[in-house]
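sequence first, predicted coordinates after that:
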Amino acid sequence: MTLVFELDALKRVMEPQAVVVDARRWAQHVCLATTDPESAQTFSTVNLLRWECQVEPAVSTFQQLSQRFQTDRYVLVGVSSGRPDYLPADQWDYRNLTVAAEAANWEIETQKTPLQQRCADRLAALRRLRE
């Protein structure tokens, strides 16, 4: 299986690293979909996450991904209630984070504490200063 997480979906789980480690147990390829590569890099660094690839949410990138990784199944985990327009209808399944989390026993964060949010914002600002 090739499993792709939307960045917004991973930001909503209690332990992103545990979710990715768990996904690696049963998925051959674990990737990230984002429109904000800088934010994704910061989030991945803070949470010690590693990806086979990072893609922009677009029909063409998901088609290329399914050609690049030859697996029996392709799944996107996201936050919208319905299938995103950018996900190709053929080959790709969509799972809402709530449904996926329930099936995989991942805990969804209800809301970040103010301290967590300030720390995340500060790390993102420091990263931008370095560049």
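The structure has been received and is ready for your questions. Numbering: from 1, shown residues only.

apart from its neighbours in sequence, what residue is nearest Phe62?
The shortest distance from Phe62 to any residue other than its chain neighbours is 5.2 Å, reached at Pro88 (C-beta to C-beta, 6 or more residues apart in numbering). To be clear about C-beta, it is placed using only N, CA and C from the backbone, and glycine gets the same treatment.

from Val59, how far off is that neighbour?
Remark: distance between Pro88 and Val59 (C-beta to C-beta, to the nearest Å) = 5 Å.

ok, Ser80 next?
Computed with C-beta to C-beta, the distance linking Ser80 and Val59 is 16 Å.

what about the strands in this protein?
For the chain, the strands defined by DSSP state E cover 2-6, 29-33, 53-55, 74-78, 92-96.

quick one: closest of those to Arg122.
strand 29-33 (22.2 Å; C-beta to C-beta).

contact partners for the residue nearest to Phe62?
Applying C-beta atoms under 8 Å, 6 or more residues apart in numbering, one finds that Pro88 lies in contact with Val59, Phe62, Gln63, Ser66.

leaving out the residues flanking it, which one is nearest to the third one?
Translated: Gln63. Pro88 (5.5 Å).

what about Ala9, distance to Gln64?
Distance, Ala9 to Gln64, by C-beta to C-beta: 21 Å.

these two: who's more crowded?
Counted by other C-beta atoms under 10 Å, Ala9 and Gln64 do not tie: Ala9 has more neighbours, with 26 against 13.

just the pLDDT for that one.
At Ala9, the pLDDT value in this model is 95.

how far away is it from Met1?
Distance, Ala9 to Met1, by C-beta to C-beta: 16 Å.

all helices of this protein, in order?
Under the criterion DSSP state H, the chain carries helices at the ranges 7-10, 16-26, 37-46, 59-68, 97-104, 114-130.

export the ones you listed to TSV and tack on distance to Cys53?
TSV is the format used below for the helices of the chain (distance: least, C-beta to C-beta, whole Å):
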stretch	distance to Cys53
helix 7-10	13
helix 16-26	13
helix 37-46	11
helix 59-68	7
helix 97-104	20
helix 114-130	21
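
need the winner for burial among these.
Stretch with highest mean neighbour count among the helices of the chain: helix 7-10 (a mean of 22; mean count of other C-beta atoms under 10 Å).
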